[in-house]
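>>> Test case, fold it:
(chains A and B)
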2 protein chains.
Amino acid sequence: MTAEIVSVGTELLLGQIVDTHAPVMARILAECGIGCTRRTTIGDNWDRLVSALKEALERADVLITIGGLGPTVDDLTRDAIAAALGDELEKVPEMEAKLREFFSSRNIRWTESIARQAEKPTSARLIDNPNGTAPGLLCEKNGKIVIGLPGPKGEFDPMAYGPVKDYLETIQGAGVIHSRTLRIIGMGESHVEERVRALMDAENPTVAPYAHTGEVHLRITARAATREDADRMLDPLEDEIRRALGHHLYGTDETTLEAAVIAMLKERGETIAVAESMTGGELAARLTAVPGASAAVVGGAVAYSVAAKQAALGVDSALLASAGPVSGEVAEAMALGAQRAFGSTYALAITGNAGPTADAGDRPIGLTFIALATPNGVTVQEQRYRGLREDIRRRATQQALATLRQALL
Amino acid sequence: MTAEIVSVGTELLLGQIVDTHAPVMARILAECGIGCTRRTTIGDNWDRLVSALKEALERADVLITIGGLGPTVDDLTRDAIAAALGDELEKVPEMEAKLREFFSSRNIRWTESIARQAEKPTSARLIDNPNGTAPGLLCEKNGKIVIGLPGPKGEFDPMAYGPVKDYLETIQGAGVIHSRTLRIIGMGESHVEERVRALMDAENPTVAPYAHTGEVHLRITARAATREDADRMLDPLEDEIRRALGHHLYGTDETTLEAAVIAMLKERGETIAVAESMTGGELAARLTAVPGASAAVVGGAVAYSVAAKQAALGVDSALLASAGPVSGEVAEAMALGAQRAFGSTYALAITGNAGPTADAGDRPIGLTFIALATPNGVTVQEQRYRGLREDIRRRATQQALATLRQALL
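Numbers count the residues shown, from 1 in each chain, chains lettered A, B, ... in the order given. Below you'll find the predicted structure:
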């Protein structure tokens, strides 16, 4: 059984708002074991909308529309679903009575356009909308299913996660589609693929790699009758991938690198402090974004100016003058300064030039030094990143966390 | 001239990540006066991808693909564009040499799959990718244009806003659609709308409000023959909105609140330091994310633990014990401590409890104190935020920046 999603609205199509409903709907379909094969976004244009719905109905068993059910002339989806199914529109008197009561109880003047929301294609039944005025639509005709959902988030979410999900669970006999994400650091996408290549040809469960900034994710997905069956298929596959990738695999699903590092520190009863120049607080922000971080994160210093490096971290002014603020020597002094000032087990320091102009003297954009102070001494590495200011900062914090993780292993 | 966008990737299709690139591309098309009529999302499936590309080419003059240009077997877009255009694939020797050099300069082992990124459809020319390995593709054939862009944000954005936009501006003759975003702080969406309601009924230029965390954006859009004509329509409209909203309007287009504040500080030759507990470096990270921030941002202290508040900021231990770390008194002491330690004109301090558990003693989740130290003394405000940990942190940094801006006005 396959499904397609059509999101309707000129604002969506032109990118003035980002479509977050279609991803929600796609995840619900997957959880119900229904494969989503295509998503389409169409503006408030009658001909294009009807064409898109007809095409989707030719390809898929289930068609879900999002948006365009409201009262204004821009709201075309109700009529377009009827046209695509070859249905007429009919008024539902009880629905109109409900709408009239809703508006009069709120002292809002009734206009005839509101009554359009009480209409439905002949093959449809209405889906109750406790959080708004436009009901959803559920049509079954000629072996096809069409579900029409409203666009406002407060109306869409409860309907999608509630009656629509309940319904979708009953129509499929194909079980569930369940995925896990395995998160990998210190290895590029093509090398990850090389190690798991043999597993990628299987049809079920599937293995697919995705590159992110400074890490790679492997998504493993099983189709099975139940969630438990899917887990039984994924467990040995995950084990096999873990053997192939070793300690490069740092976490699963929503476990971020910072969360993995903090869990390791907590388990050892150790702490971390940070000293940041180029990354300006981003490393501290990533670490403290993890719930419960306070058990492992003592604090940090953002030493953006030369004076701050001296004042907050006690970096020697002669060293700053001779080596320059973007240097391995200064990174080392910053890490030791943070470790001393905050009394932490470890301290990470980052200094560099993130661009777009050579803020830090004449050092090239992307040049970065990362130092890690441990109870046994301090190590420094030099990196050279490419990309935008935000990418360089992100890569530097990612590398710093990876370095700490390596030391903790 | 019409365009369609096809986003490629199973992760996108199944809703595991939200597609933010297609909206960016749609806005660029609008700015170039090219009407985007449909967007499609397809998974990493050869038959479905080739069909979707062929269908789009039948309907539209310009087809833009996003994603699927990488080195793995899942990356099908390069081959699919060739198939849809009836092209062969050919290797570009200079590109392969460039890739080999890139990998060897970084001591990364070469694998044969990497070389796929040096291939192109016969009718394509390559678009340089200074931030990654996969070049973009630009094909002109049989009166149709196909542009293939890579998926990683750090590669997609510079290519889309750079050479692709430049190219699209040259091919259209139908005028432009030009928008400006007016950014507003300290006023809710309905109050903004109330003040500009009369301007919202016009067809051209249009005015539309959008709510964001802690601020409201008004998007004003004009259709005109040239960018200059559009600007001539938008200028008086922007003036009228500025009169209606006064100092609540803090910036336009990509000017973030932190960028606006840094510009004000630079103009006055003044500086800022920050002291953060609950927000853990996020305020410092926002400020230092602004290019050229170093002229105004001295540094910051992330004082997550009680000990760090004493050590890094000199907050009195008796005060910490009596008032508690989440208190107006401690916020004030943190701000004064940062101002003193960093020698800055102003200092902002944030302490509070962002949840999910009551990290900071028994203070309720969302309770936040924000202090601003100025040359004339220190002020403290108490806030109570609702939402998730990340929302509370974001709202607190937003309010801190708004407070500093207010003081600078």
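
>>> can we go C-alpha only for contacts and neighbour counts from here?
Will do.

>>> can you pull out the helices in the stretch 301-409 of chain A?
A:306-313, A:317-323, A:328-342, A:389-408 (DSSP state H, counting those that start in this stretch).

>>> Mean pLDDT, distance to chain B and mean neighbour count for these - can I get that in JSON lines?
Supplementary listing: the helices of the stretch 301-409 of chain A in JSON lines, determined by pLDDT from 0 to 100; distance: least, Cα to the nearest Cα, whole Å; neighbours: other Cα atoms under 10 Å in any protein chain shown:
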{"stretch": "helix A:306-313", "mean pLDDT": "83", "distance to chain B": "6", "mean neighbour count": "22"}
{"stretch": "helix A:317-323", "mean pLDDT": "90", "distance to chain B": "15", "mean neighbour count": "13"}
{"stretch": "helix A:328-342", "mean pLDDT": "95", "distance to chain B": "6", "mean neighbour count": "26"}
{"stretch": "helix A:389-408", "mean pLDDT": "94", "distance to chain B": "7", "mean neighbour count": "20"}
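
>>> Let me have the ones you listed in JSON lines, extended by distance to A:Pro163.
Formatted as JSON lines, these follow (distance: least, Cα to Cα, whole Å):
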{"stretch": "helix A:306-313", "distance to A:Pro163": "57"}
{"stretch": "helix A:317-323", "distance to A:Pro163": "65"}
{"stretch": "helix A:328-342", "distance to A:Pro163": "53"}
{"stretch": "helix A:389-408", "distance to A:Pro163": "41"}
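
>>> Break chain A into its domains for me.
Following automatic domain parsing, one finds the domains of chain A at A:2-171, A:176-252, A:257-408.

>>> isn't A:Glu31 right next to A:Ile177, touching?
Yes - with contacts counted by Cα atoms under 8 Å, A:Glu31 reaches A:Ile177, the gap being 5.6 Å.

>>> What is the burial count for A:Cys32?
24 (other Cα atoms under 10 Å in any protein chain shown).

>>> least trustworthy helix or strand in chain A by mean pLDDT?
Lowest on mean pLDDT, DSSP states H and E among the helices and strands of chain A sits helix A:306-313, with a mean of 83.

>>> Who are the packing partners of that helix?
strand A:297-303, helix A:328-342, strand B:297-303, helix B:328-342 (3 or more Cα pairs under 8 Å, 6 or more residues apart in numbering or on different chains; DSSP states H and E).

>>> which helices and strands does the first one pack with?
In other words, strand A:297-303. strand A:272-276, helix A:282-288, helix A:306-313, helix A:328-342, strand B:297-303, helix B:306-313.

>>> any idea of the mean pLDDT in that strand?
Across strand A:297-303, the average pLDDT comes to 93.

>>> neighbouring strands for it, and are they parallel or not?
Under the criterion DSSP bridges, strand A:297-303 sits next to strand A:272-276 (parallel), strand B:297-303 (antiparallel) in its sheet.

>>> got a markdown table for these, with distance to A:Val306 and mean neighbour count too?
Converted to a markdown table, the strands paired with strand A:297-303 look like this (distance: least, Cα to Cα, whole Å; neighbours: other Cα atoms under 10 Å in any protein chain shown):
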| stretch | distance to A:Val306 | mean neighbour count |
| --- | --- | --- |
| strand A:272-276 | 12 | 32 |
| strand B:297-303 | 8 | 32 |
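
>>> Reformat the ones you listed into CSV and put distance to B:Val261 next to each item.
Formatted as CSV, these follow (distance: least, Cα to Cα, whole Å):
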stretch, distance to B:Val261
strand A:272-276, 22
strand B:297-303, 11
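
>>> out of these, nearest to A:Ile127?
For those, proximity to A:Ile127 was assessed by Cα to Cα; strand B:297-303 is nearest, at 50.4 Å.

>>> between the closest one and helix B:328-342, how big is the angle?
130 degrees (axes from the mean of the first three to the mean of the last three Cα atoms, to 10 degrees).

>>> got the contact list for the residue nearest to A:Ser305 when sequence neighbours are not counted?
Leaving aside its chain neighbours, A:Ser305 sits nearest to B:Val298 (5.2 Å; criterion: Cα to Cα, 6 or more residues apart in numbering or on different chains). The contact partners of B:Val298, taken as Cα atoms under 8 Å, 6 or more residues apart in numbering or on different chains, are A:303-305, A:307-308, B:271-273, B:342, B:344.

>>> A:Ala125: what secondary structure?
To be clear, residue A:125 is Arg; Ala isn't right here. Per DSSP: H, G, I helix; E, B strand; the rest coil, the local secondary structure of A:Arg125 is strand.

>>> so how far is A:Asn353 from the residue lying farthest from the centre of chain A?
Here chain A reaches farthest from its C-alpha mean at A:Ala318, the gap being 45.9 Å by Cα atoms, centre = their mean. For A:Ala318, the distance to A:Asn353 (Cα to Cα, to the nearest Å) stands at 21 Å.

>>> Repeat that for A:Ala308.
The value you get for A:Ala308 to A:Asn353, if Cα to Cα is used, is 17 Å.

>>> Using JSON lines, please lay out the contacts of B:Val298 together with distance to A:Gly387.
Output for the contacts of B:Val298, formatted as JSON lines (distance: Cα to Cα, whole Å):
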{"residue": "A:Ala303", "distance to A:Gly387": "23"}
{"residue": "A:Tyr304", "distance to A:Gly387": "21"}
{"residue": "A:Ser305", "distance to A:Gly387": "23"}
{"residue": "A:Ala307", "distance to A:Gly387": "28"}
{"residue": "A:Ala308", "distance to A:Gly387": "27"}
{"residue": "B:Thr271", "distance to A:Gly387": "28"}
{"residue": "B:Ile272", "distance to A:Gly387": "28"}
{"residue": "B:Ala273", "distance to A:Gly387": "28"}
{"residue": "B:Phe342", "distance to A:Gly387": "31"}
{"residue": "B:Ser344", "distance to A:Gly387": "31"}
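
>>> Looking at those residues, which one is closest to B:Arg48?
Out of the contacts of B:Val298, the member with the shortest distance to B:Arg48 (by Cα to Cα) is A:Tyr304, at 50.8 Å.

>>> quick one: contacts for the closest one?
By Cα under 8 Å, 6+ apart, the residues touching A:Tyr304 are A:276-278, A:280, B:294, B:297-300.
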